Structures are given as structure tokens and as C-alpha cells.
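[1] kindly generate the corresponding structure for this input.
(chains A and B)
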Amino acid sequence: MSAALLNSAAPTHASQLDIAADLLTLLGAATTEPRPNNQLEALTLAVAADLPVLLWGEPGIGKTAALTQLAETLELPLTTVIASVHEPSDFSGLPIVGDDPAQHGVPMAPPDWAVRLVRAGRGLLFLDELSTAPPAVQAALLRLVLERRIGSLKLPPGVRIVAAANPRSSAADGWELSPPLANRFVHLQWVHDHEVVVRGLGGTWPRATLPRLDPVKLTDAVAFARRAVCVLLAARPKLVHQMPSSDARRGGAWASPRSWEMALRLIAFATAAGSSKDVLSQLVRGAVGDGPGFELLTSLDRMDLPDPELLLADPTAAELPERGDLRQAVLDGVVAAVRKRPARARWDAAWALLVLAIETGPPDLVVVPATTLATLRQENWEVPASIEQLAGVVSLSQRADRAAELVRERG
Amino acid sequence: MSAPTADRNLDLDKLFAARLYAVRVRPYLATALFALHIVASRRVPTMSVDRYWRCYVSPAFVDSMPVEELAGVLVHEVSHLLRDHHGRGERFAREHDLSGPGERLRMNIAADFEINDDIFGDGLVRPEGAILPADIDLPPGKLMEEYLREFRFGTYTAGMAWLDCGSGADGLEREWELGPSGADGLSEQERDGVRFRVAQAIIGRPGDVPQGWRRWAQEAFHPPQPWRDLLGAALRAAVSTPGVGEDYTYSRPARRSAGVPGVLLPSLRRTPPRVTVIIDTSGSVSDTELGSALLEATAISRAVGGRRDLVTVMSCDAAARIAHPLCAAEGIPLMGGGGTDLRTGFAKALRAHPRPDVIVVLTDGQTPWPVAKPSCRTVVGLFRRAPSWSESDSEYVPDRPPEWARVVEIG
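    The predicted structure follows:
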């Protein structure tokens, strides 16, 4: 090789380019490592659920790379359209004049990429840089997203659409969704992970393992999703419709019957895919907004908790949650159930549950339920023998009382 | 689970009595306090938390503190987690290129300042050694980020070097911590859930919650956006609506029309927006705020294509003092005093030929507004005022800015 280099003292352009190509190959050779990626998982599920997704993210943080990976996983050909370099007629169709416009009308011809997409019957359409396109282009694009029409063409059901926009603080010119439009998208925040970027530049990019829908779980997933949304909305009618009022929340997700239906669909998909609560959280909040989304997730946590009535029916078989705050919620629920329908047997069962809680966990969170339960006693009810085991609770409570006295004296 | 790993020497009863006492005096923090997973550790100096809601406790520290002070420490540690100090510290460190243990300690101190100045009192004793901003002559009531900008290590911070609230306070993992893969940590969604429930509990009990916590609860899931971003977004949205700025128009044929004879295609035309800024404010608004709001408005309208001569400023007499030099320096035409009544300002701005596309009003809101919607978009920059205005005349309530204006609160 050294001889070859010596021979060609004046290297030709071609050989220089060959060397450059070698260098580029070396630079391009990167390995991948599996790494869970919640935002990509959320995006995959929303796309699979056939809901229009809007990715909010600063330019240059790998939205396109993520879309490429998504297309590979879903085995869909990817079509990227940079919205800001197109004219409105590219999306609403170019008018083609025939012989007799009065007789035949003027057909609106779609652009070539749309024709190819429709011919393929399936694909992932990525509308990039939505926020830097002029308003008329955006208007034409929104028709494409919402009605799935390009000129006279209708996109087949196999085509999925994802759009991307820059957050308005960094957008060069203003683009803001009006509340009705914002309500039709699943809003996903796209942020870069510092560690991933550093490792990637070092030669190792993450390879996300993406969710697969489990055909066995489908029926249960639908039932679960319906129950999750209905349990919450039955208890909190106010959450059904919440138009964003403050300026800071404009253009984002908000709760309405439409977006709750989207949330329901997303819950079913996340359940069928066995996704984590973190992914579900991104999806639900992306559909109905942060506040209602958190309420739904909290209500889901409560749905996972054991039913107070079942616990009262058979306290010996009870299994209380390990986490302190959830355990306290269960005990409160049990006491509330006794208060609602007081009966001697139920009262005794509740004491048995409190004793169980003392035996298996910290005593301080039993104090309030025990005090409340004691006040529910009716005249002819005898104090159960097991209550002796709650002595520790009493001394704990007294200790706290003493601390209170000390503070009062000091104060 | 809240029961700690076995350690015979940790006085659990004392710790639980302290937690019970803390829950009694701060019922709205019950969920958070019970969600803490307590881990006995001999390596931790006092008590510290990690971001997964584990609380590491030194047995010796528990022995040395009275119950009522331990309660204060528990509330202090849980406040680090609720206020997301690790996440905020991490972001601050990245933005300002801070690294090293010294900076982490400084973050811990700043976070402690933010917490300690408003959680104690009203039944909760300030534990011995808890530092206050007043200790180094800083004002109370600020955020961690603000304190971080205001002090460096010096002689008076030397005594604070024993502080260590763990990675939950500053984001840096300690050797005694169990890390993300350790047992009994809370996942991101669970952490959000706990914070959300606490915020709901605070919002649901107006009255007996300190101001600092109420502010936290309101902003926990909707951090306020800086007014510059909001004003910018409002202005950009106003000048990029159809008819203003850069958009498609049928008034001239597009260049593409040559390809489709006989068809009118819209062409991209630019009509630079005319912006009139009306300053209507009394002298009590801070000069710097007014000045920067004025500069911000003109800078944005120029960024979206407005020419210098298309930006006009009108001022009432009190504000002229600020507007004059700024407009002279920027080469912006300044129109004469509009009086103190905003309605005359509007009338005058709309009489101009050609009419402005957007009117930006910088005002403190103590003014009558035009009854009818003006014929152009209106953005109102509203200076927030201290509630003291009502003292002189409690009957006087100024009108809120009308519905048709986009209102951005400044300051």
C-alpha cells in the first residue's frame, strides 16, 4: 500500500474522493445498543392508533431520525414533506384546465408524492417544519391532516400522518393552533436525552425496542380503557370539557369529548402493548392535557387498589399495597365504606384490617383511620379483642401529641 | 414500601411519631410524607432523599433530634422532592455550565433557602441548623434559581458545609443511594402522581395553606411562561394572520401560472405589518420593565418583517420620559401625547393613514377601554400591579381588558 502511495505522488481527484469515502464510512459505522425510549414508544402507539400526532421540539434534536426508526418498525415507507418549502396548492391540489371547464370543472391535481403514497396504499407521511410555513400553507396542510385529502385524492387508511412543529418560544414566526385544531392532535413533547446524544456521538446510538400489540389482550384492553375513562368522568363531570383559558396553555392539548375518545383509544393501545405507566402518562396528557391527564392516571392508580368491600368481606385474605400513600388510601376507603353502611360485622372486619396493616407496615398511617373508626362505634358494639394489637398506634399518637404540646409551650 | 430495611438501631417509632406529627400539622402533605420510602443508612450524615422518593436516615441523627424537629426535617426533605429541586438543579447546571461538588453544595444551599423560608412556623418547628436566606443577608421568598445567582461561597457560607440533602436536592448521586434500579423507588409517573395529588390537596383547601405552597401548587404542572415569550407569540400571531405579513394572495398571478395557462394561482406576496405601540401607564410602573417591553415589541415586529418606519409609538405624558429616548435611539417615529384615556389613544392610532395592522398596548389596565372592537388586532401587555391601588379608593375597580384583545401579563 505504501508503494502505491509513493507511485501516485500527485493523487487524482478520484482517489482523494475514494479516501474521503473511506473516512465517511468509518464515521458512519456506529453500533447500537438497546435502550428503552418512552417518547418513541408513545409516538409508535399513537401512530398505530391512527391519531394525528404533533411533535413539539426544537429543531435538530432527532425528530427525523426517530421517524425513520418508527417507519422501519411499522414497516411503512416514509415520505417526508417539508411544509415550509411548499405552496398551498401543493396540498390543496394544482388546478388543471381541461377543454371545457364550465362542463367538466377544473380538477385539482395532487403532487407526485401524494400519488405515489396513494398508489402504495400505505406509508408514513411526515410533515416537517409545520410552524415555519406561511399561514395559507398551514391551512391547506390542516385539511390534509384532518380530512386526509390532497386535492382530489383521498389518502387510504393505511397511511399514517405525523407532523412536527417548533415550540412557539423558538419559532421564527408565530404559529399557534387555535383550540379547535389543537384538540384534534395528540401532542407529544420531543426532547433530547443528554446521555443518548453524548453516547451516540461516541459511536453508540440507542436502539429502541418498540411495543408490539398482543392479540390476546385486545378485548380486555378495550374493556379496561372504557372503564378507566368512564369511572373518572362519571365521578368528575367537570373534566369532560375544559377549554384552555390562560394564554400560556393555548395551542396545547385540552379535554373535550373528542379528545377523551382519543385518550380512550390510546389507553387501549398502551394496554394491549403492555406499555409502562410513564408511556401511558405521555399519551393521555398529550390527548387531554396535563390536569385531566393526571387525574385520569391517579384514578387508574385507585382502580388498581383493592376494593374496600372485598377487603371487608374477607379481611384474612386481604393484601394491602406496599406503598405508604396507597396503603393509607385503602385504609381510608375501608373506614369510609363502614361509615357509609355501618354494621357490626363490617366494623369488626375493618379493625382486623387495621391490625393487619400494623403487622405488615409502618404504624403512623394507621392512626387516622383507627381514630375515625373508633368514632363509628355504636352503643351495643363491643370492642374487639384484636384491638390490643393497636396499642403501638396509641403510644405513637401520644408521642405526637406530646410533641405538639412542646411546640405550643415554645411558641 | 414505607417500612425500612432492618436496622435495629434506627428508632423507627420516633421517626414515625415525627411523621405522624408532620401529617397532623401539614395534612395537605400527607400523601407525599407517606409515599417516602425510609431506608436506614449509616453512611448518610443526617437525612437525605434521592429522586426516587427514598429517604435515607442516619440512626444517630434520629437519636439526637427531638420528635418535633424531626418532623420539620421530614417536611423539609419531602419539599425538595415536591419542588423538583433535582430536575431544576440539573437544568440550571446545564444551562450555566456548573459542575463539581462545590456547585452541587451551592445548589443544595439555594434549594434549602427556597424551602426553609416558608415551610416552618404554624406548628412546625425549624430544626436546629436549618439555614435561612437571612443568614447571609438575602431576602426571603425567592426561588432556588434566584438564590443561585445571588451568592458565591464566602466566609459566611463556610458553616453550611455539613449540609447534604442527597440527590433529591441537587441531582448528584451519593454513594449511599440505591440508584434507579434499586428496590422500592417511585417511577416517573408515580412521582408525578404524588406531586399532583399534593397539589390538588393544597388547591382544595384555600385559607390555611401558606402562600409559598399555594404558589407551588398552582405552578407545579403549569410553570408560568416568561412574558417575553408570550408577548412575542401574541405579536407574531397577530402579524401573521391572513392579510398581514407574508402570505398568498390572488391579487397577482404566481410564477407557476405559466405552466398552467388560463389558471389563476396565488402568489406569495409580502405586506409588511404596520404596528402601533400605545404606551398608557402611570409613573408607578418600573422604568426598566416599560422600557424592555417597548423594546421587545418593536424588536419582534421588526423580526417579522416590519420596517423601522412602520413601527409607531404613541405615548401618554407620564411614559414619554421613557419612550422619547428609546424611540430616538431606535429611529422610531414617536407621536405626541395621547392623554391618559386609552380610548383617545385608540382613536388616534386608527385615524392614521394607512391604518396599523396591529396595535400593541402597554398599560397597567387602570383605564376605560373602547366599547367596540377596533378594526385591527390588539395585543395588550398588562403590567401586573401590587394590590395597593385599591387603598385610596376601594370603590374603584378598573375594567378588565376586553375579550377581543390578546392579553399578556408582564412582570
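[2] can you count the residues close to the nearest residue to residue A:132 once chain neighbours are set aside?
    In space, and not counting its chain neighbours, residue A:132 is closest to residue A:84: 4.2 Å by CB to CB, 6 or more residues apart in numbering or on different chains. In short, each C-beta sits where N, CA and C put it, glycine included. By other CB atoms under 10 Å in any protein chain shown, 15 other residues sit near residue A:84.
[3] looks to me like residue A:84 is in a helix.
    Yes. Assigned with DSSP: H, G, I helix; E, B strand; the rest coil, residue A:84 falls within a helix.
[4] list the contacts of it.
    Counting by CB atoms under 8 Å, 6 or more residues apart in numbering or on different chains, residue A:84 touches A:129, A:132, A:133, A:137.
[5] is it true that the third one touches residue A:141?
    What it means is residue A:133. Yes. Between residue A:133 and residue A:141 there is a contact under CB atoms under 8 Å: 6.9 Å.
[6] need the overlap of contacts for those two.
    With CB under 8 Å, 6+ apart as the test, residue A:133 and residue A:141 both reach residue A:83.
[7] where along the stretch 101-250 of chain B do the strands fall?
    Ranges of strands in the stretch 101-250 of chain B, per DSSP state E, counting those that start in this stretch, are B:245-249.
[8] okay, helices next: where are they in it?
    In the stretch 101-250 of chain B, the helices defined using DSSP state H, counting those that start in this stretch lie at B:101-119, B:144-150, B:167-170, B:188-203, B:211-219, B:227-239.
[9] pull the residues that contact the shortest one.
    Read it as helix B:167-170. Looking at what lies outside helix B:167-170 - CB under 8 Å, 6+ apart - the contacts are B:48-51, B:53, B:77, B:80-81, B:85-86, B:89, B:104-105, B:107-108, B:111-112, B:173-174, B:177.
[10] give me the below-cutoff pLDDT ranges for the stretch 1-150 of chain B.
    B:1-8 (pLDDT under 70).
[11] make TSV out of the helices of the stretch 101-250 of chain B and add mean neighbour count.
    TSV is the format used below for the helices of the stretch 101-250 of chain B (neighbours: other CB atoms under 10 Å in any protein chain shown):
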stretch	mean neighbour count
helix B:101-119	22
helix B:144-150	18
helix B:167-170	28
helix B:188-203	20
helix B:211-219	16
helix B:227-239	23
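[12] got TSV for these, with distance to residue A:157 too?
    Formatted as TSV, the helices of the stretch 101-250 of chain B follow (distance: least, CB to CB, whole Å):
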stretch	distance to residue A:157
helix B:101-119	52
helix B:144-150	49
helix B:167-170	48
helix B:188-203	32
helix B:211-219	43
helix B:227-239	34
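[13] of all these, which one comes closest to residue A:118?
    Across these, residue A:118 has its closest neighbour in helix B:227-239 (34.1 Å, CB to CB).
[14] alpha carbons of that closest one, as PDB, please.
    Listed in PDB are the C-alpha atoms of helix B:227-239, where the atom choice follows Å, rounded to 0.1, in the frame of the first residue of the first chain:
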ATOM      1  CA  TRP B 227     -43.800  37.200  29.500                       C
ATOM      2  CA  ARG B 228     -41.300  37.900  26.700                       C
ATOM      3  CA  ASP B 229     -42.200  34.600  25.000                       C
ATOM      4  CA  LEU B 230     -45.900  35.200  25.500                       C
ATOM      5  CA  LEU B 231     -45.800  38.800  24.200                       C
ATOM      6  CA  GLY B 232     -43.700  37.600  21.200                       C
ATOM      7  CA  ALA B 233     -46.100  34.800  20.400                       C
ATOM      8  CA  ALA B 234     -49.100  37.100  20.600                       C
ATOM      9  CA  LEU B 235     -47.500  39.700  18.400                       C
ATOM     10  CA  ARG B 236     -46.300  37.100  15.900                       C
ATOM     11  CA  ALA B 237     -49.700  35.600  15.800                       C
ATOM     12  CA  ALA B 238     -51.300  39.000  15.200                       C
ATOM     13  CA  VAL B 239     -49.000  40.000  12.400                       C
END
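[15] done for today, thanks.
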